[in-house]
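Build me a model:
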Amino acid sequence: RKRAFERIRAEEPFLVIGSPPCTMFSSLQNLNAKKGEVEWEKHRRAAEVLLVFAAAVYKLQVLAGRHFLHEHPAGATSWNHPAIAKLRAMPGVGAVVAHQCAFGLQTSTQAGGQAPARKPTRFMSSAPAVLEALSRKCPGGHSHASLLGGTRARAAAVYPPGLCEATAQGAAEQLRRDTHTRRRPD
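Residues are numbered from 1 along each chain as shown. Purely as a prediction, here's the structure:
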């Protein structure tokens, strides 16, 4: 974490994208939680350390006039964590919920084929153009395959190309807007 902070301070990236592990914050994980068990608590604490670290990186970006993008499933309990709630309350930080099927997310079906997977995902950012690019909802016209069972949820943790493209386009637009704003005479 120390090296990451040093590198961010030295390189001053325009946009930092974070998606700390969300498994311990998922609704399904919490249904099956064996709270009080040493192993479960150990994993939960480790996940919380990474979430708090990500929030600190995001805050550093905002205070430096740069941007961040954070992603977790829309229903994850991490959105209620104090570090994330505090960040969401900062001026200039917003959030949107998107459906990943709108970006081309597919998953395997029990019949052996592929089908769209809705996967509601919340994105939080200090870059309005990125949020605009990522605010797509399911266009309809198709049925969704479940991410439950087997390794489907794990496989759906990989961003579909359409999501990557939208993120890059939003970042490019935000850079254009920020550059235009800085050049504008007072």
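
does residue 92 count as helix, strand or coil?
With DSSP: H, G, I helix; E, B strand; the rest coil as the basis, residue 92 sits in coil.

dump the residue contacts of it.
Listed by C-beta atoms under 8 Å, 6 or more residues apart in numbering, the contact set of residue 92 reads 62, 126. Where C-beta positions appear, they are placed from N, C-alpha and C, glycine not excepted.

Residue 111 now?
Contact partners of residue 111, counting by C-beta under 8 Å, 6+ apart, are absent.

what's the distance between it and residue 143?
According to C-beta to C-beta, to the nearest Å, residue 111 and residue 143 sit 12 Å apart.

how about residue 147, secondary structure?
coil.

which helix of the chain spans the most residues?
helix 38-63 (DSSP state H).

contacting residues for the residue most central in space within the chain?
Nearest to the geometric centre of the chain sits residue 71, at 0.7 Å (C-alpha atoms, centre = their mean). By C-beta under 8 Å, 6+ apart, the contact set of residue 71 is 17, 18, 19, 121, 122, 123, 124.

Of the residues you listed, select the buried ones using a ChimeraX command.
To isolate the buried members of the contacts of residue 71 in ChimeraX, using 16 or more other C-beta atoms under 10 Å:
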select :17,18,121,122,123,124
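
The contacts of residue 71 into TSV, with extra columns for distance to residue 10 and pLDDT?
What follows is the contacts of residue 71, written out as TSV (distance: C-beta to C-beta, whole Å; pLDDT from 0 to 100):
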residue	distance to residue 10	pLDDT
17	18	96
18	18	92
19	23	87
121	31	93
122	30	95
123	27	97
124	25	98
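
Switch the contacts of residue 71 over to CSV; also include secondary structure and distance to residue 153.
Shown next, in CSV, are these (DSSP: H, G, I helix; E, B strand; the rest coil; distance: C-beta to C-beta, whole Å):
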residue, secondary structure, distance to residue 153
17, strand, 21
18, strand, 20
19, coil, 14
121, strand, 13
122, strand, 16
123, strand, 19
124, strand, 21
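
Please produce CSV containing the contacts of residue 71, extended by distance to residue 147.
Below are these laid out as CSV (distance: C-beta to C-beta, whole Å):
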residue, distance to residue 147
17, 22
18, 22
19, 16
121, 12
122, 16
123, 18
124, 22
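
which among the contacts of residue 71 gets closest to residue 97?
residue 122 (5.1 Å; C-beta to C-beta).

thinking that closest one is in contact with residue 79, fair?
Yes. Residue 122 is within contact range of residue 79, at 6.3 Å (criterion: C-beta atoms under 8 Å).
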